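>>> Structure here, sequence nowhere to be found:
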């Protein structure tokens, strides 16, 4: 079941497209549901598909194609660290090692308290701030140092 | 060094798409209006200036697509039949995923209304009624601020029905991507707007005749649209003269990697690379320059001795054996291991290949696995020719340019730094840091 809040937001996205092209809103709708739920369950995807009058498999194709959708739990805070070339040149390796040690997890793992998940990510188009990471797909932190990482982790309750 | 100091040659930054930076509240409609914003759209609509006249002005400007392909904007816009009945679309491609590129983000962040005015003028010229700005998934704040700019423009009557009391109707929406490099390819982007996986379409038919929902569609880069209001205001000739032959106007160069001041530098095309490097503070930590990727990883790497003699324009970089691409300079100092760097880039293309064409899907993974085993000290000397061979066999055999793009770094890194690859394979470790 989609929540009223999700339905309201999806309806607002649907206004961007012709009435007979509801599928155009699928990427936005899945984002809305994921933001609310933390990640996408099969039931979430099927609810979105039904609401947009599209086949479930077509919605599943979208959910599995775009990297920022998560089909498994990512804990309370998903930390996506860019390790692509511009960040790599500015020592993203040091940030990754620090995060792995500090949190005691590898990429694609969740801390035992369910709070943090670490992901390796591709270029986020903000390379003047390298090295950087993104929290829960929305909040970017740049010019990272191990000290700055510690500070950010401390503030994430 | 600077053999190009002709009378017309501007030598410093020239903010054009980023001209609101430094002003108070740069992204607001109030600020944009204070520098003459939306006045070109108003003039065009009031005077009912014929689209042909505007296209001619854009042709004179020499503006070329700023997303990487460098195709003539005026020519592209003439492909859309303006009198054709039915819905037509224009799309702004802000899906900036080419590693090292972050210029469109800053235009959206600091000067969104110039994009909106440019798109509205484009829509008038091509007879389009609806526009979308497709924004890269990872820059959420910019997506939200662009939505706000659209709301401001709509409230002011610059978007919507009967704009400036004319019979011109145009509305614009923001689309938020969600992590797919391939959607920067225009037909993949169109598939994505239709709510599908971003897999490129076979061309022809081209988007100009069969784009979103099968309707005529024009796709241009953010910087391209944002250049339009300035060109219409100041004339195509003035824009053209800012640059050099075949490279009219200004360009934003995103500089990242080993420089003191990474950032966006909007400069007249034709500036020597050495001067641009100086604007970015030079190589960091007092080190020396090793190599530069001049336009994003899908353009060929150039070693220091070549790039230091090169000018930043389409012909200059082409003569040097690379291309301007999206203007994304990735600067590497003398501590950079080329083998490890290429391995990371190869992983990127493998990860982002959409999987549709076999040579790209299989070839990018193969290239990555070879480089991985070299970095792990398990490479063999035959691997170097194998890397080049596999890459050349991806190139030209795929629906879209990602296959070609994946091959370019492999071929150029090995061409210019073969000795370093050779050393790594023979010793099982990098020559960098062990000298």
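Structure's in. What do you need? These numbers were taken from a predicted model, which means no experiment stands behind them. Residues are numbered from 1 along each chain as shown, chains lettered A, B, ... in the order given.
>>> Quick check, pLDDT for the residue nearest to residue B:101 when sequence neighbours are not counted.
Here the nearest residue to residue B:101 in space, its sequence neighbours aside, is residue B:328; by C-beta to C-beta, 6 or more residues apart in numbering or on different chains that works out to 4.0 Å. For every residue, glycine as well, the C-beta is placed using N, CA and C. Among the per-residue scores, residue B:328 holds a pLDDT of 97.
>>> same question, the one 4 residues further on
We note a pLDDT of 98 for residue B:332 in this prediction.
>>> on contacts alone, who are the packing partners of the lengthiest helix in chain B?
In chain B, assigned by DSSP state H, the helix with the most residues is helix B:402-427. Packed against helix B:402-427 by the contact rule (3 or more C-beta pairs under 8 Å, 6 or more residues apart in numbering or on different chains; DSSP states H and E) you find strand B:289-293, strand B:302-303, helix B:338-352, helix B:358-375, helix B:382-394.
>>> what's near enough to touch the residue positioned nearest the centre of chain A?
Centroid-nearest residue in chain A: residue A:137, 3.8 Å away (criterion: C-alpha atoms, centre = their mean). Neighbour list for residue A:137: A:31, A:34, A:35, A:68, A:78, A:80, B:137, B:138, B:140 [criterion: C-beta atoms under 8 Å, 6 or more residues apart in numbering or on different chains].
>>> Need phi/psi at it.
phi 70, psi 0 (degrees, to the nearest 10).
>>> and if you look at the one 4 residues further on?
Recorded main-chain torsions at residue A:141 are phi -120, psi 130, according to degrees, to the nearest 10.
>>> residues contacting it?
The contact partners of residue A:141, by C-beta under 8 Å, 6+ apart, come to A:132, A:133, A:134, A:135, A:148, A:152.
>>> Identify the farthest-apart pair in those residues.
Largest separation among the contacts of residue A:141 by C-beta to C-beta: A:134 and A:148, giving 14.6 Å.
>>> If you count surrounding residues, which of these two has more?
Taking other C-beta atoms under 10 Å in any protein chain shown, residue A:134 and residue A:148 do not tie; residue A:134 has more neighbours (24 against 14).
>>> quick one on the thing from earlier: just list whatever residues bridge to the residue nearest to residue B:101.
On the basis of DSSP bridges, residue B:328 is bridged to residue B:254.
>>> these two touch, right, it and residue B:254?
Yes. In this structure, residue B:328 is within contact of residue B:254 by C-beta atoms under 8 Å, at 4.8 Å.
>>> overlap in contacts of these two?
With C-beta under 8 Å, 6+ apart, residue B:328 and residue B:254 have common neighbours A:127, B:100, B:101, B:102, B:103.
>>> Sort out for me which of those residues are in helices.
Using DSSP H, those in helices are residue B:103.
>>> where along the chain do the strands fall?
Went with chain A since none was named. Ranges of strands within chain A are A:77-82, A:116-121, A:133-135, A:139-141, based on DSSP state E.
>>> nope, chain B
B:89-94, B:130-135, B:171-176, B:217-221, B:250-257, B:263-268, B:271-272, B:289-293, B:302-303, B:311-312, B:328-333.
>>> Could you export these as CSV, including mean neighbour count and distance to residue A:51?
As requested, the strands of chain B are exported to CSV (neighbours: other C-beta atoms under 10 Å in any protein chain shown; distance: least, C-beta to C-beta, whole Å):
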stretch, mean neighbour count, distance to residue A:51
strand B:89-94, 28, 24
strand B:130-135, 25, 21
strand B:171-176, 22, 18
strand B:217-221, 26, 26
strand B:250-257, 28, 39
strand B:263-268, 23, 40
strand B:271-272, 25, 52
strand B:289-293, 25, 44
strand B:302-303, 20, 51
strand B:311-312, 25, 49
strand B:328-333, 26, 39
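>>> With distance to residue B:429 added, can I get those strands in TSV?
Output for the strands of chain B, formatted as TSV (distance: least, C-beta to C-beta, whole Å):
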stretch	distance to residue B:429
strand B:89-94	42
strand B:130-135	42
strand B:171-176	44
strand B:217-221	41
strand B:250-257	23
strand B:263-268	34
strand B:271-272	37
strand B:289-293	18
strand B:302-303	22
strand B:311-312	36
strand B:328-333	19
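>>> now the helices: where do they sit in chain A?
A:4-14, A:26-37, A:42-51, A:56-65, A:85-89, A:92-103, A:146-155.
>>> Please identify the most buried of the ones you listed.
Of all the helices of chain A, helix A:85-89 has the most neighbours on average by mean count of other C-beta atoms under 10 Å in any protein chain shown, namely a mean of 28.
>>> Return the list of helices and strands in contact with it.
Counting contacts by 3+ C-beta pairs under 8 Å, 6+ apart, helix A:85-89 packs against strand B:250-257, strand B:328-333, helix B:338-352.
>>> Which residues outside it are in contact with it?
Helix A:85-89 is touched from outside by A:81, A:123, A:127, A:130-132, B:99-100, B:256-258, B:262, B:293, B:297, B:330-332, B:336, B:341, B:344-345, B:348, with contacts defined as C-beta under 8 Å, 6+ apart.
>>> burial measure for residue B:288, as a count.
Here the number of neighbours of residue B:288 (other C-beta under 10 Å) works out to 9.
>>> Likewise for the one 10 residues further on?
The burial count assigned to residue B:298 is 23, neighbours taken as other C-beta under 10 Å.
>>> just to revisit the earlier point, deepest of the strands of chain A, which one?
Sort these by mean neighbour count, taking mean count of other C-beta under 10 Å, and strand A:77-82 sits at the top with a mean of 24.
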